[in-house]
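*Asks:* return a 3D structure for these sequence lines:
(one chain, ligands or ions: 2)
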Amino acid sequence: MQITIQHLTKEYRMGKETVRALKGVTLDIEKGEMIALIGRSGSGKSTLLQLIGGLDTPTSGSVAVNGKELGKMKDRERSTYRNNTIGFVFQFFYLQPYLTISQNVQIPLIFQGVEKNTREQSAKEALETVGLGDMLQRLPNQLSGGQMQRVAIARALVHKPEIVLADEPTGNLDEKTGDEILELIKKLNKEFNTTFIIVTHDSHVASQADRIIQLADGQIVTTNA
Ligand SMILES: Nc1ncnc2c1ncn2[C@@H]1O[C@H](COP(=O)(O)OP(=O)(O)OP(=O)(O)O)[C@@H](O)[C@H]1O
Ligand SMILES: [Mg+2]
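*Replies:* Ligands and ions are numbered 1, 2, ... in the order given. Have a look, this model is predicted:
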């Protein structure tokens, strides 16, 4: 199993109040699976992605990836894990406005200490994969929403991560552009056997996944093949 999640809980403390965002999630994910993570607003989807991605630490329980428990890693090891194993696609893209799209896509490679020529070549290939090979020198504000989302996906993939965590990758897009992004994700999933965990409110996206996992109030309620 590539990802093993056991009895995972996450509580956020705010003054006197405690929010129990995850209440004991147990879940196994195989390499190359495409998972749709669904559930109402506030059900814990983004929290679960953050814990799988090592961006935050659980209150109790564990996440292990390739047999290594994230909670037992030293900070440096966990940041290497984040940089090498995981690609993140956030809902609001978080592109750097003053960097060209090529430079934006190179960011994960800068963290890895990859040298400039190799970085530029890899960014070009990743942007070609998402159909933006002729726009390398544009700035983000010179792109459409769907194109920006494709840049965000290229950035998540440029270092060939084993696992991509995507938080509503089609959330801000019209139906047709959303479908294009979905086709792209399916293509990458097949071609590179990349595991995708996709948070989505879109039933069409969910219907294309290998498995749908539904969260309600911090717990898994159904999983469908
Ligand atoms: N940093 C935080 N501090 C306090 N509470 C938080 C924090 N992050 C999330 N929460 C709470 O934890 C619960 C789960 O939040 P989460 O962001 O995981 O939901 P979600 O399923 O991603 O929702 P949405 O579909 O709206 O993005 C919510 O009640 C939320 O208010
Ligand atoms: Mg969320």
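*Asks:* C-alpha only now, for contacts and for neighbours.
*Replies:* Noted.
*Asks:* tell me the residues of this structure that contact ligand 1?
*Replies:* Applying C-alpha under 6 Å from any ligand atom, we find that the chain lies next to ligand 1 at 12, 19, 21, 40-47.
*Asks:* what's the farthest-apart pair in those residues?
*Replies:* Spatial extent of those (C-alpha to C-alpha) is set by the pair Y12 and R40 at 18.5 Å.
*Asks:* let me know the closest of the residues of the chain next to ligand 1 to R119.
*Replies:* S46 (29.7 Å).
*Asks:* wait, what's in contact with that closest one?
*Replies:* 167, 199 (C-alpha atoms under 8 Å, 6 or more residues apart in numbering).
*Asks:* now do N172
*Replies:* Neighbour list for N172: 91, 145 [criterion: C-alpha under 8 Å, 6+ apart].
*Asks:* for it, helix, strand, or coil?
*Replies:* With DSSP: H, G, I helix; E, B strand; the rest coil as the basis, N172 sits in coil.
*Asks:* where's it relative to ligand 1, distance?
*Replies:* N172 sits 13 Å away from ligand 1, going by C-alpha to the nearest ligand atom, to the nearest Å.
*Asks:* show me where pLDDT drops low in the protein?
*Replies:* Scanning the chain for pLDDT under 70 picks out 224-225.
*Asks:* residue closest to the middle of it?
*Replies:* Taking C-alpha atoms, centre = their mean, the centroid of the chain lies closest to L165, which sits 1.7 Å from it.
*Asks:* pretty sure that residue sits against Q91.
*Replies:* No: counting by C-alpha atoms under 8 Å, L165 sits too far from Q91 to count as a contact (10.8 Å).
*Asks:* on that earlier part again, which one (most neighbours) among the residues of the chain next to ligand 1?
*Replies:* With neighbours taken as other C-alpha atoms under 10 Å, the top of the residues of the chain next to ligand 1 is K45, carrying 26 neighbours.
*Asks:* quick one: I5 is in a strand?
*Replies:* Yes: judged by three-state DSSP, I5 forms part of a strand.
*Asks:* tell me how many other residues crowd it.
*Replies:* Burial of I5 is recorded as 20 neighbouring residues (other C-alpha under 10 Å).
*Asks:* contacts only, for the residue nearest to S79 when sequence neighbours are not counted.
*Replies:* Sequence neighbours aside, G54 is the residue nearest to S79 in space, at 7.8 Å (criterion: C-alpha to C-alpha, 6 or more residues apart in numbering). Shown in contact with G54 (C-alpha under 8 Å, 6+ apart): 70, 78-79, 81-82.
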